[in-house]
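>>> sequence first, predicted model second:
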Amino acid sequence: MDKKIEETRGFLQTIGMPKAQQADICCYVILAMADIKPDMSWSEATNEWIRIHDIIQFVNTFYSTSYAENSRETFRKQALHRFRTAALVEDNGKATNSPNYRYRLTEETVKILRTMETPAWKESIKWFLYYHEKLIDLYASKKKMTMMPVNINGENFKFSVGKHNELQKAIIEEFAPRFAPNSECLYVGDTIEKDLVKNAEKLKELGFEITLHDKMPDVVLYREDKNWIYFVESVTSVGPMDPKRILEITEMTKDVTAGKIFVTAFLDFKTYKKFAEELAWETEVWIAEMPEHMIHLNGDRFMGPR
């Protein structure tokens, strides 16, 4: 068991990782991501996509550690972020709060690890060190160019990268299936492309009067079976469903007869707490890091138009 940890530490030291990234927790990350158990050969290393949760489970099971789930941030900051910058690992480009967010060892890293304790080891390390700067540049530009794929009404679109769009993606892919099942997205903007999806015909049919001066909610969903329309604000820094915003949307939709549901979405509970006092009564709150739950502000129903 200790032998594998020391071999991993030796690898991290040889490729020039700082002392902090040679700590046991960092060694465990490499071992888990390579799926190397104490009695296995390095030639069996793999690089499947895995979550931080999977890493914690793996090392607790096979390396007799006792990391709690709330140590995920330590794994992320001390190991995974640094390893990603050093082109040892990559992520799959999903929103960081998505349950589908994964990491894996880069192909170059796993190839080197497979040669550990073989005659090819020295040559592998030599090659890696020679190309390391190029690999860092390659994976950095790959990350930069990553657009967030998002499925809207059964079609594939791409959001530009950013927290606001991360949250909008979560609203469409996580909130809608749970709390607005079978709904259609009538409107969503991108931080770069303002009207990424805009079904003007359907909006008009429902009674919308949209002028150039009107600021649409970030996401508009329509559930035909209930005749409900969901106005969702994606809040990372500004713009919750406060009383003023409710009045603006109500004015914009005064001819809409469908039941109206007002939702403020946040990436995390910390951001929600910042805006809690501003939120209007009789509105809903959804927090992406707790996707299966809703907060209903007052009223006699959990969810529904007033």
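Yes, it's here.
>>> show me the shaky parts of the stretch 201-306 of the chain.
Judged by pLDDT under 70, the stretch 201-306 of the chain has its weakly predicted residues at 210-214, 299-306.
>>> show me the helices in it, by range?
Assigned by DSSP state H, counting those that start in this stretch, the stretch 201-306 of the chain shows helices spanning 243-252, 269-275.
>>> could you dump the ones you listed to a markdown table with distance to Val197 and mean neighbour count?
The way it works is simple: take the backbone N, C-alpha and C, and place the C-beta from them, glycine included. Converted to a markdown table, those look like this (distance: least, CB to CB, whole Å; neighbours: other CB atoms under 10 Å):
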| stretch | distance to Val197 | mean neighbour count |
| --- | --- | --- |
| helix 243-252 | 18 | 15 |
| helix 269-275 | 25 | 15 |
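>>> turn those helices into TSV, including distance to Tyr222.
Formatted as TSV, those follow (distance: least, CB to CB, whole Å):
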stretch	distance to Tyr222
helix 243-252	14
helix 269-275	25
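>>> for Gly154, which of those helices is the nearest?
Minimum separation from Gly154 across these (CB to CB) falls at helix 243-252, 26.7 Å.
>>> residues contacting the nearest residue to His164 once chain neighbours are set aside?
Ranked by CB to CB, 6 or more residues apart in numbering and with sequence neighbours excluded, the top spatial neighbour of His164 is Thr236, at 5.2 Å. By CB atoms under 8 Å, 6 or more residues apart in numbering, Thr236 lies in contact with 163-164, 167, 266-267, 271.
>>> how does this structure divide up, domain by domain?
2-145, 148-296 (automatic domain parsing).
>>> any idea of the mean pLDDT in the first one?
In other words, domain 2-145. For domain 2-145, the mean pLDDT works out to 89.
>>> show me the contacts for Ser172.
Not Ser; residue 172 is Ile. Taking CB under 8 Å, 6+ apart, we find Ile172 in contact with 150-152, 185, 188, 219.
>>> can you list those residues in CSV and add distance to Glu117 and neighbour count?
Formatted as CSV, the contacts of Ile172 follow (distance: CB to CB, whole Å; neighbours: other CB atoms under 10 Å):
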residue, distance to Glu117, neighbour count
Val150, 44, 23
Asn151, 44, 12
Ile152, 49, 19
Cys185, 53, 26
Val188, 52, 27
Val219, 53, 26
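>>> next SSE after the helix or strand hosting Cys185?
Counting by DSSP states H and E, the element that carries Cys185 is strand 184-188. Going down the chain from strand 184-188, the next helix or strand is strand 197-198, by DSSP H and E.
>>> give the pairing partners of that next one; include direction for each.
Strand pairing for strand 197-198, using DSSP bridges, gives strand 184-188 (antiparallel).
>>> just the CA coordinates for the partner strand, please, in PDB.
In PDB, the C-alpha atoms belonging to strand 184-188 read as follows (Å, rounded to 0.1, in the frame of the first residue of the first chain):
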ATOM      1  CA  GLU A 184     -40.800  23.500 -24.000                       C
ATOM      2  CA  CYS A 185     -38.100  26.200 -23.700                       C
ATOM      3  CA  LEU A 186     -39.500  29.200 -25.400                       C
ATOM      4  CA  TYR A 187     -36.700  31.500 -24.700                       C
ATOM      5  CA  VAL A 188     -33.100  31.400 -23.400                       C
END
